[in-house]
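Q: sequence first, predicted coordinates after that:
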Amino acid sequence: MESTGLYQRLKTYLQEIIYSHHLGDEEVLIRGKELSAEEAIGKPGRQDYPLIKGKEKMLQAEFRGATGQAFTDSPGPFAGALPDFLNMPLDTNFQRAVFTAALNAVMRHLGMIEGTVHCKDEEPARCAGQLVDLLRREYGNPRVALAGFQPALLEHCSKAFPVRLVDLDKDNIGQKKCGIIVEDAELKTKELVEWCDLLLVTGSTIANGTISAFLQVDKPVIFYGTTIAGAAKILGLRRFCPCAK
């Protein structure tokens, strides 16, 4: 599925649930803010998470007491009524992140999804341990391709399986993380897909516009994180995020 059609599908879905649940009959505001690193992930121990290093920020939308989040490298404040989110273009990382956070908040309010608030403190490491257990149980000893640098997942997976990693952050590319050389996502993603038995893909690909590269893959793909909560439900994608609230 190419990007334009994908985001139009998400918009159409949001429009339909707004109509079916009569949410468009009143001026309902979604207010969003950029979270600090500690608000988003707490104190996880290690300091190389992109949120802590300032490479990414967490946007948070609140709708009728429900919370939705989205990772982005283009943060900023936002506020609007539901129709504003349906009408906004989704051409930039900021626009896609705002829309994604709002979509997650509305779907969480309606009870359609859970786990839309990022885990904190020791929970990312616990999540990584549970993921390794799942992969062993379902796939044995797979070659794992990681799309996106998530330190706890990389550390645990690299101790258990053959792993390669691609990332978009130019400061990471070529660096060794947990014994694994970070490769350029723009150049090496196709090669990793051919090499691996399965892919672990950051859910922030829905907000940075790179998710299409992983939707036509004929191998198992597991997305992780809170950002992709709503989109995974709509698109029928497998999502792993056991410690999210």
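A: The structure has been received and is ready for your questions.

Q: residue closest to the middle of this protein?
A: For the chain, G203 is the residue whose C-alpha lies nearest the centre (CA atoms, centre = their mean; 2.1 Å).

Q: with adjacent residues omitted, what lies nearest to that one?
A: With CB to CB, 6 or more residues apart in numbering as the criterion, G203 has its nearest non-adjacent residue at 3.0 Å, and that residue is I228. To be clear about C-beta, it is placed using only N, CA and C from the backbone, and glycine gets the same treatment.

Q: again, but for L153
A: L153 sits nearest to A128 (CB to CB, 6+ apart), 4.9 Å away.

Q: so the residue nearest to G203 touches R239, yeah?
A: Yes. Assessed by CB atoms under 8 Å, I228 is found in contact with R239 at 6.1 Å.

Q: give me the common contacts of the two.
A: G203 (CB atoms under 8 Å, 6 or more residues apart in numbering).

Q: ranges for the helices of this structure?
A: 3-20, 37-41, 50-53, 82-87, 93-109, 123-139, 151-160, 185-195, 205-208, 229-235 (DSSP state H).

Q: so how far is the helix or strand of the chain with the lowest mean pLDDT from its chain's centroid?
A: When the helices and strands of the chain are scored by mean pLDDT, DSSP states H and E, helix 50-53 comes last with a mean of 73. Computed by CA atoms, centre = their mean, to the nearest Å, the chain-centroid distance of helix 50-53 equals 15 Å.
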